[in-house]
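>>> Take a look and give me a structure for this.
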Amino acid sequence: MDIMIEGLAFAIAMLFAGVMGLAIQRGATCTVAAVDEWVHRGSLRRLSAMIEAAAWVGGGLFLLKALHGIPALPGSSPPGPATIAGALLLGLGAYVNRACVFGAVARFGGGEWAYAATPAGFYLGCLAAGTLLARWSPAGAVPTSVALTAPVKFAWIAVALLGVRFATMLWRRRRASGIPLARLMNETWSPHVATLVIGLAFLAMLTLVGAWGWTEAVADLARGATAGLAPRLLLAAGLLLGAVVGASRAGRWRPVPITRGALARCTVGGVLMGLGSVLIPGSNDGLILVGMPLLQPSAWLAFVVMAVTIASAIHVERRLRAAE
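So this is what the prediction gives:
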C-alpha cells in the first residue's frame, strides 16, 4: 500500500513538473530577463512577479505548518562573505549564460540546444567548489524560519490574503481579455500569472516528494550523494518536457544549431553558477522558491546581490558597446 501511495504521489508530482515547465516557458520568468527589463525599461514587473511567487510558496508553507504537513526542506547558512561571493558568481554566471537556471530550461525547451551545456557546466562548478572549498549545504535539515515559527493564526491570514489576490488576478484578467475563465489557460500568460503557477506547482511537488530541484540534484551528483537521485532527475525531465510543450503551443519552438561560442558561453555560465550555488548555498530556483519564502536572510541577501550583479554587467556591456 505504501508503495502504491508513493507511486501515485510521484506520478502527480511529474504532472506538476510538466505544468511548471509550461509556466516557465510561457511566462519568461528568467531573472536575467527580469533584470534586463528593469535596466532597459525601468520596469520591475518581472522582478515583482518573482517576489510574489516567493510569497505564494511562503503562504503555502504557512498553511502546511497549520496542518502539520511541513515537508523536509534544504538547510541554510547564516549570511556572510561566502553568501555575497556566491551571489556575485551566481549573477555573473547567469549573465554569461544569458539565462538563470529557470531561463536555461525555457531556452533549451525552445530549441536552443547549446543550453544542454549549462547543467554540465553547473556540475563541473559544483565539483570544483566541493573539491576546493569542501563547503556544502546541510542535507535534509529544516532551517529556522519566521515562516515556520510564527503563530498558526498568521498562517490562515496569509492564506486568506493570497486567496483574495488570486481571485482578483483572475477577475482583472478576465475583464481585460473579455474571454471566459476556462479559456485563460490557452492565452499568453503574464509574468504574474506564470509565476503564480510556478510557485503553486513547486509547492505541490515539495509537499509530494520533498526538495527536488534539478540544481540540487546536480550538486548532489557532484558530491557523490546518489541516493534518491533517479526520481529527481525524472522530475527534471518532466520539467523540460513541459517547457518543450509550452514552447510549441506558444509558437516559440525554434531549433537553433549549436555553435562553439554558444557552447562555451553556456558551459562557462554553468560553471560560475555552480560555484556560486555551493558558496551561498543555493541556486536561483532554491532562493526564490525555498529560501525567500522561508524569509531566510541569506536567501534575500543573495537574490539582491545576484540581481545587482546582473544589472551591473548589463550596464558595463551597454557602455562598452556605446564606446565602439
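>>> Can you say which helix or strand has the nearest residue to A313 once chain neighbours are set aside in it?
Spatial nearest neighbour of A313, excluding adjacent residues (C-beta to C-beta, 6 or more residues apart in numbering): Y95 at 4.2 Å. For glycine as for every other residue, the C-beta is placed from the backbone atoms N, C-alpha and C. Taking DSSP states H and E as the criterion, Y95 maps to helix 81-97.
>>> Which helix or strand lies directly C-terminal to that helix?
Later in the chain than helix 81-97, the nearest helix or strand by DSSP H and E is helix 101-109.
>>> ok, A54 to L229 distance?
Look at A54 and L229: by C-beta to C-beta, to the nearest Å, they are 27 Å apart.
>>> who has more neighbours, those two?
Between A54 and L229, A54 has the larger neighbour count (other C-beta atoms under 10 Å), namely 23 against 13.
>>> Any chance you could give me stretch 265-276 in PDB, C-alpha atoms only?
Output in PDB follows, covering the C-alpha atoms of stretch 265-276 (Å, rounded to 0.1, in the frame of the first residue of the first chain):
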ATOM      1  CA  ARG A 265      29.200  30.600 -23.100                       C
ATOM      2  CA  CYS A 266      26.700  28.200 -21.600                       C
ATOM      3  CA  THR A 267      29.400  26.000 -20.200                       C
ATOM      4  CA  VAL A 268      31.300  28.900 -18.500                       C
ATOM      5  CA  GLY A 269      28.000  30.300 -17.300                       C
ATOM      6  CA  GLY A 270      27.000  27.000 -15.800                       C
ATOM      7  CA  VAL A 271      30.400  26.600 -14.100                       C
ATOM      8  CA  LEU A 272      30.100  30.000 -12.500                       C
ATOM      9  CA  MET A 273      26.500  29.400 -11.300                       C
ATOM     10  CA  GLY A 274      27.600  26.000  -9.900                       C
ATOM     11  CA  LEU A 275      30.500  27.600  -7.900                       C
ATOM     12  CA  GLY A 276      28.100  30.300  -6.600                       C
END
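>>> Identify the residues contacting it?
Stretch 265-276 is contacted from outside by 85-101, 104, 114-129, 218-219, 222, 283-284, using C-beta atoms under 8 Å, 6 or more residues apart in numbering.
>>> same thing but 7 Å
With contact meaning C-beta atoms under 7 Å, 6 or more residues apart in numbering, stretch 265-276 is reached by 86-87, 89-90, 92-94, 96-97, 101, 114-115, 117-126, 128-129, 283.
>>> Counting by contacts, list what the helix or strand harbouring A217 packs against.
Using DSSP H and E, A217 sits in helix 214-222. Helix 214-222 makes packing contacts with helix 117-133, helix 229-249, helix 260-279, helix 284-286 when contacts are defined by 3 or more C-beta pairs under 7 Å, 6 or more residues apart in numbering; DSSP states H and E.
>>> give me that answer again for 10 Å
Identification of packing neighbours for helix 214-222 by 3 or more C-beta pairs under 10 Å, 6 or more residues apart in numbering; DSSP states H and E yields helix 101-109, helix 117-133, helix 229-249, helix 260-279, helix 284-286.
>>> quick one on the thing from earlier: and the helix holding Y95, average pLDDT?
In this model, helix 81-97 has a mean pLDDT of 93.
>>> got it, and stretch 270-290?
Regarding stretch 270-290, the rounded mean pLDDT is 88.
>>> Start and end of it, how far apart?
21 Å (C-alpha to C-alpha, to the nearest Å).
>>> Could you check how far that stretch is from the centre of its chain?
Relative to the chain's own centre, stretch 270-290 is displaced by 10 Å; criterion: C-alpha atoms, centre = their mean, to the nearest Å.
>>> Pull out the buried residues from that stretch.
Neighbour counts over stretch 270-290 (16 or more other C-beta atoms under 10 Å) mark 270-290 as buried.
>>> quick one: low-confidence ranges for the stretch 201-324 of the chain?
Within the stretch 201-324 of the chain, the stretches with pLDDT under 70 are 324.
>>> Surely L263 and A117 touch.
Yes: judged on C-beta atoms under 10 Å, L263 makes contact with A117 at a distance of 5.3 Å.
>>> out of these two, which sits in the busier spot?
A117 (24 against 17).
>>> of the contacts of stretch 265-276, buried ones?
By neighbour count, with 16+ other C-beta under 10 Å, the contacts of stretch 265-276 hold 86-87, 89-90, 92-94, 96-97, 101, 114-115, 117-126, 129, 283 as buried.
>>> Next, count neighbours for T226.
10.
>>> Can you report phi and psi for it?
Backbone torsions for T226, taken as degrees, to the nearest 10, come to phi -100, psi 0.
>>> Please apply the same query to S43.
Main-chain dihedrals, S43, degrees, to the nearest 10: phi -100, psi 140.
>>> where does it land on pLDDT?
Predicted confidence (pLDDT) for S43: 83.
>>> so which helix or strand takes in the spatially closest residue to W56 that is not a sequence neighbour?
Closest residue to W56 apart from its sequence neighbours, by C-beta to C-beta, 6+ apart: G199 at 3.8 Å. Here G199 sits within helix 191-209, counting by DSSP H and E.
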